[in-house]
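Asker: Need a 3D model of the sequence below.
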Amino acid sequence: MRPAVMLRSTLLATLLLASPAHAEPCIEALVGPAVEAGVPRDLAQAQLGTLTPDAAVLAATQNQAEFTKPVWAYVEASVTPEKIAEGQRKLQQWSVALDAIEARYGVDRYTLVAFWGVESSYGAVLDDLTVVRPAIRSLATLACGDPGRPDYWKAELIAALKILAAGDATPERLTGSWAGALGNTQFMPSVFLSRAVDFDGDGRRDLWGSVPDSLASTANFLVAEGWKTGERWGSEATLPLDFNLALADETTARTLAEWRDLGVRPVRDDGLKDENRATLFLPTGARGPAFLLLPNFAVILRYNTSFSYALTVAHLSDRLRGLPGFGRDWPRGDRMLGADERRDLQTLLTAQGHPVGTVDGKVGPRTRAALRAFQSSAGLPPDGYADATMLDTLRAKTR
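Answerer: Numbering: from 1, shown residues only. Below you'll find the predicted structure:
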C-alpha cells in the first residue's frame, strides 16, 4: 500500500473507531473560523457544536467513478435510453422556463437538461437518503478528515453555513453529495454563493425545489466561465489511416479548416465553421473514438474536471436533440488501470525521463504528454493511451 493511501486508510479507520468525544473537538473548532468569516455565532454553534463525523464520506473520496471507471462505462451509465427519454419529457415539461433561460443567458436547453440528468437524474436522487447526505456534516467531516485539502473543505463548509444564514435553504433541506455538492445541478456551496440565481422570483435561490432556479443557475455559471452562444461542444471525428497521432495532444487548437487539411473530419459538421478552433483528443488511443473539442467543451470541464464527466454531459445533450450515438466503438477488451497502477505508470514515466508532475494516480494532460513522449522514443504509436498493456511495456523497459 502506498503512503498516501495508507494515510487516508489509517485516518478513516481512526474516525470509524473514534467516539464522538474524540471526534467533536476538531469540528467544534471550526466554529471560530466560521464566525470570523461572517457566519452568525448562534448558527455556527448550532450546526457544528455537537456534530460527529461521517466515516462513509471519507471512504467515498477513494472511489470517484469519473476517475476509476473506463470512459465508456461512465458515459453509458448515464446516457441510457431511459435517461434520454426522461430528459426529452423534461424538455417538454419545462419548455416555457427553458425559453426564458435561453433568452437571458444564451445557453441551449439541451446542455442544461443534460447537466441536470447527469448530476441528479433530473432531481430523482434529491430525496433518496441512500444518496444524499446532510451537507454541513459531510463538509465538516472532510475539513477535519481529508489531509489533502483541509482548507478547501473548510472554505466550502463556511460557504454552506452562509447559505443557511441567507435563508436560501433550511438545515433539513441543505443536503447534497458526499462532497457537499448541492441540489438539482450539484453546485458546491462557494459556487452557489457566487452563481446561483433566483430565476422564479420567489426571493430564494432554491436549487432543490425550483427547476427554473437550478437550470438558470447552471446557465449563469457556464456564461461566467466563457460559454459561447450558438456553438456546440464539438464532434466525434474520423482520422486518416496515416494520421500523425502526436498531433492529437488535446492542448493544441487548430481551426477546423486546418484539421480538415490534415485529414481529420468531424462526424457532425452542420453549423461548424472553418474558423472554429478545436483540439483533438483520443481518450482511449488510436483504437477508440476521436473527438474534436470546441471551447464550450472546456467550459463543461470547469464544472467537473473529469473528461469522462464532460463527455457524458456533451453526449447526453446530443442524444436529447435526437442525434445518434458514437460511430466508432470503444476498445472494450482493454483492461483499465487501478489507482496504484496509474501511480506506477507515472513513476515509471518519470524514471524514463518523461516527468508527469505530481504522482497522483490521475491520468491528465501532463501524464498523457509524458506517455506520448515515451511512446515516440520507443517507436510506438504516440496516442497517449494508458492501459494495462502500456504499463507492462513501461515495466519491461525499466527492468
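Asker: contacts, neighbours, all on C-alpha from now
Answerer: Noted.
Asker: where do the helices sit along the stretch 101-250 of the chain?
Answerer: Read by DSSP state H, counting those that start in this stretch, the stretch 101-250 of the chain holds these helices, from start to end of the chain: 109-120, 135-145, 150-166, 189-195, 211-224.
Asker: and the ones you listed as TSV, adding distance to Phe307, mean pLDDT and mean neighbour count?
Answerer: Output for the helices of the stretch 101-250 of the chain, formatted as TSV (distance: least, CA to CA, whole Å; pLDDT from 0 to 100; neighbours: other CA atoms under 10 Å):
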stretch	distance to Phe307	mean pLDDT	mean neighbour count
helix 109-120	14	98	24
helix 135-145	24	95	26
helix 150-166	22	97	21
helix 189-195	20	98	19
helix 211-224	17	98	23
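Asker: how distant is the host helix or strand of Leu58 from the center of its chain?
Answerer: Element membership of Leu58 [criterion: DSSP states H and E] is helix 55-60. Helix 55-60 sits 18 Å away from the centroid of its parent chain (CA atoms, centre = their mean, to the nearest Å).
Asker: Now do it: which elements does it pack against?
Answerer: Applying 3 or more CA pairs under 8 Å, 6 or more residues apart in numbering; DSSP states H and E, we find helix 55-60 packed against helix 3-17, helix 135-145.
Asker: and the longest one, average pLDDT?
Answerer: Helix 3-17 carries an average pLDDT of 38.
Asker: what about Pro324, neighbour count?
Answerer: When neighbours are defined as other CA atoms under 10 Å, Pro324 has 10 of them.
Asker: Which residue comes closest to it once chain neighbours are left out?
Answerer: Closest residue to Pro324 apart from its sequence neighbours, by CA to CA, 6 or more residues apart in numbering: Asp318 at 7.7 Å.
Asker: Now that neighbour, what are its backbone angles?
Answerer: Backbone torsions of Asp318, given as degrees, to the nearest 10, read phi -70, psi -40.
Asker: these two touch, right, it and Leu112?
Answerer: No: counting by CA atoms under 8 Å, Asp318 does not reach Leu112; the two are 11.6 Å apart.
Asker: returning to that earlier point: among the helices of the stretch 101-250 of the chain, which is nearest Phe326?
Answerer: Among the helices of the stretch 101-250 of the chain, helix 109-120 comes nearest to Phe326, with 16.8 Å by CA to CA.
Asker: and that closest one, how far out from the chain's middle?
Answerer: Its chain's C-alpha centre and that of helix 109-120 lie 13 Å apart, by CA atoms, centre = their mean.
Asker: ok, now stretch 379-386?
Answerer: 25 Å.
Asker: So, low pLDDT: which residues of this protein?
Answerer: Flagging of the chain using pLDDT under 70 yields the residue ranges 1-24, 62-68.
Asker: how does it divide into domains?
Answerer: As given by automatic domain parsing, the domain ranges for the chain are 3-64+130-182, 339-397.
Asker: Any idea how far apart the tips of the shortest one sit?
Answerer: For domain 339-397, the first-to-last residue distance is 21 Å (CA to CA, to the nearest Å).
Asker: thinking again about what came up before, tabulate the helices of the stretch 101-250 of the chain (CSV), appending distance to Trp178.
Answerer: Shown next, in CSV, are the helices of the stretch 101-250 of the chain (distance: least, CA to CA, whole Å):
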stretch, distance to Trp178
helix 109-120, 13
helix 135-145, 6
helix 150-166, 12
helix 189-195, 13
helix 211-224, 19
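Asker: I'd like to know which of the ones you listed is closest to Pro240.
Answerer: Among the helices of the stretch 101-250 of the chain, the nearest to Pro240 by CA to CA is helix 109-120 (30.4 Å).
Asker: List the contacts of that closest one.
Answerer: The contact list for helix 109-120, computed with CA atoms under 8 Å, 6 or more residues apart in numbering, reads 78, 83, 87, 90-91, 98-99, 102, 122-123, 126, 183-186, 215, 218-219, 312-314, 316-318, 320-321.
Asker: Report the angle between that helix and helix 211-224.
Answerer: Counting by axes from the mean of the first three to the mean of the last three CA atoms, to 10 degrees, helix 109-120 lies at 110 degrees to helix 211-224.
Asker: if I look at the spatially most central residue of the chain, how far off is Arg149?
Answerer: Note on the chain: the residue nearest the mean C-alpha position is Asn304, at 2.6 Å, using CA atoms, centre = their mean. Using CA to CA, one gets 17 Å for the distance from Asn304 to Arg149.
Asker: Then Gln92?
Answerer: Distance, Gln92 to Arg149, using CA to CA: 42 Å.
Asker: do the same with His315
Answerer: From His315 over to Arg149 the distance is 31 Å, taken as CA to CA.
Asker: which one of the two has more residues nearby?
Answerer: When His315 is set against Arg149 and neighbours are counted by other CA under 10 Å, the residue ahead is His315, at 26 against 12.
Asker: and the angle from the strand or helix carrying that one to helix 109-120?
Answerer: Using DSSP H and E, His315 maps to helix 307-320. Angle, helix 307-320 to helix 109-120, by the same axes, to 10 degrees: 130 degrees.
Asker: Give me the distance between helix 307-320 and the centre of its chain.
Answerer: With CA atoms, centre = their mean, you get 11 Å for helix 307-320.
Asker: again with stretch 270-283
Answerer: In this view, stretch 270-283 has its centroid 22 Å away from the chain centroid, taken as CA atoms, centre = their mean.
Asker: ditto for stretch 325-336
Answerer: Taking CA atoms, centre = their mean, the mean C-alpha location of stretch 325-336 is offset from the chain mean by 21 Å.
Asker: got the CA coordinates for that stretch in PDB?
Answerer: The C-alpha coordinates for stretch 325-336 follow below in PDB (Å, rounded to 0.1, in the frame of the first residue of the first chain):
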ATOM      1  CA  GLY A 325     -24.600   7.600 -30.600                       C
ATOM      2  CA  PHE A 326     -20.900   7.500 -31.400                       C
ATOM      3  CA  GLY A 327     -19.900   6.000 -34.700                       C
ATOM      4  CA  ARG A 328     -16.800   4.200 -33.500                       C
ATOM      5  CA  ASP A 329     -16.900   1.800 -30.600                       C
ATOM      6  CA  TRP A 330     -14.600   1.800 -27.600                       C
ATOM      7  CA  PRO A 331     -11.800  -0.800 -27.100                       C
ATOM      8  CA  ARG A 332     -13.900  -2.700 -24.600                       C
ATOM      9  CA  GLY A 333     -11.400  -5.600 -24.300                       C
ATOM     10  CA  ASP A 334      -8.700  -3.400 -22.800                       C
ATOM     11  CA  ARG A 335      -8.000  -3.500 -19.100                       C
ATOM     12  CA  MET A 336      -8.000  -0.100 -17.400                       C
END
